[in-house]
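Student: predicted model, plus sequence, below.
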Amino acid sequence: MKKYLLKLYGGKENKLLFIVLFLFIAFSLYVFYVLVFPLGKDTCVTIEEGESAKDVLKNLDEKGLVRDKTLALYYIKVIGVEKRIMPSTFCVTPGDNFIKLVSKLSLKGLKKVVIPEGFDSFEVAELLEKEGVIKDRGEFLKVVFDRARAESVLKTYNLPGLTLEGYLAPSTYYFSDNLQPAVVADRMVKRFTKTILPELKKTNSSIYQTLVVASIIQRETYEVSEMPIIAGVFYNRLKRGMPLQADPTVIYAIKLENGGYFDGSLSRRDLSINSPYNTYSNPGLPPTPICNPGIDAIKAAMYPSKTDYLYFVSMGNGRHFFSKDLKTHNIAVEKYIKGQSNE
């Protein structure tokens with residue numbers, strides 16, 4: 001036996017082979033530890049637009065999700081994820097390893113969710129629940145409307161306001177399943193600060209006031225060419241002390257009263273609803289935005305058309321008829337609204 005061991009380990013070649021074999025096994029075990037062994041963390045990760053692999057790894061390292069940055073970066077490059085990193089939000093569970101984490105960087109297993117321009121928070125919550133991103137829309141709405149929780153998020157990003165309405169940026173998102181509502185809301189507000197706030201900061205007026213006006217414009221029309229004209233109408237009415245009389249604000253008031261429900265029919269009785277959002281009975285602007293506007297509505301609120309128009313009415317084809325006086329407006333209402341209801 002002794003002779004056999006001497007034969008096995010005695011020669012220089014055999015010693016070298018043994019060292020190489022030992023190092024290979026040790027390195028393999030280390031790679032297994034870095035890439036395959038569970039990370040043991042329960043946390044959420046947000047990847048921003050334009051982040052490089054090194055930026056992402058720095059973010060992951062700060063959350064304790066990287067055991068060896070050099071090896072982790074090499075792995076990301078070898079499997080080709082480096083050039084396919086997409087902005088997303090996902091959570092890591094204690095049983096996840098680095099390989100599974102990296103697969104999420106290229107959107108594997110994530111849901112694509114498109115939040116359209118002009119969705120209010122009730123519509124956003126319903127869509128997120130439908131897509132399985134959140135379990136309970138009610139919890140998401142608490143994050144949006146509960147004063148303390150909303151202020152906590154707004155303070156993080158140094159934003160004015162009373163709720164998160166208006167700050168849930170319309171965009172395409174990638175989320176994992178069953179995220180905490182606060183994580184999703186924070187992601188959207190953060191996207192707002194990256195995509196919409198820089199433009200909004202160019203306004204000569206209050207940022208929040210401009211956002212409120214933009215939200216009403218957005219709900220009045222999706223026709224981009226009309227948005228600056230409608231903005232001009234609203235500002236003209238505000239200067240004259242006239243109530244805005246914007247139907248979308250009344251609809252929003254109804255939704256707030258009914259947990260987001262609106263049957264699609266606005267009656268004359270609805271126009272007298274007791275709410276600070278009722279711009280028929282209250283002068284000035286509502287206290288918060290009534291939806292989450294896109295960049296076109298933001299620009300319209302910032303750069304309204306110079307016009308003498310004080311009224312507008314839908315023509316039923318996606319466009320509006322604008323009037324300078326009440327007499328002309330009433331004739332247009334008779335033609336386009338009452339005329340359609342009589343057909």
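Tutor: Thanks, I have it.

Student: quick one: V212 from E139, how far?
Tutor: Applying Cβ to Cβ, to the nearest Å, one obtains 26 Å for the distance of V212 from E139. All C-beta atoms are positioned from the backbone trio N, CA, C, and that covers glycine.

Student: and the gap between the most centrally placed residue in the chain and N14?
Tutor: With distances taken as Cα atoms, centre = their mean, M188 lies nearest the centre of the chain, 2.7 Å away. The span separating M188 from N14 equals 63 Å under the rule Cβ to Cβ.

Student: next one: T288
Tutor: Taken as Cβ to Cβ, the spacing of T288 relative to N14 amounts to 78 Å.

Student: look at those two and report which has more neighbours.
Tutor: Here T288 and N14 are compared on neighbour count by other Cβ atoms under 10 Å; more neighbours surround T288, at 21 against 13.

Student: helix or strand right after whatever helix or strand the residue nearest to the centre of the chain lives in?
Tutor: When elements are defined using DSSP states H and E, M188 is found to belong to helix 181-195. Toward the C-terminal end, the helix or strand that comes next after helix 181-195 (DSSP H and E) is helix 197-200.

Student: tell me the buried residues in that next one?
Tutor: Within helix 197-200, the residues that count as buried by 16 or more other Cβ atoms under 10 Å are 197, 200.

Student: state which helix of this protein is the longest.
Tutor: Ranked by residue count, the top helix of the chain under DSSP state H comes out as helix 12-31.

Student: now that one - C-alpha only, CSV.
Tutor: What follows is helix 12-31 as a C-alpha-only set of coordinates in CSV (Å, rounded to 0.1, in the frame of the first residue of the first chain):
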residue,chain,number,x,y,z
LYS,A,12,6.6,15.4,-9.9
GLU,A,13,4.1,14.8,-12.7
ASN,A,14,1.7,13.0,-10.3
LYS,A,15,2.1,15.8,-7.7
LEU,A,16,1.3,18.4,-10.3
LEU,A,17,-1.7,16.4,-11.5
PHE,A,18,-3.0,16.1,-8.0
ILE,A,19,-2.6,19.9,-7.4
VAL,A,20,-4.4,20.6,-10.7
LEU,A,21,-7.2,18.2,-9.8
PHE,A,22,-7.5,19.6,-6.3
LEU,A,23,-7.7,23.2,-7.7
PHE,A,24,-10.2,22.2,-10.3
ILE,A,25,-12.5,20.6,-7.7
ALA,A,26,-12.1,23.6,-5.4
PHE,A,27,-12.8,26.0,-8.2
SER,A,28,-15.9,24.0,-9.2
LEU,A,29,-17.2,24.0,-5.7
TYR,A,30,-16.6,27.8,-5.5
VAL,A,31,-18.4,28.3,-8.8
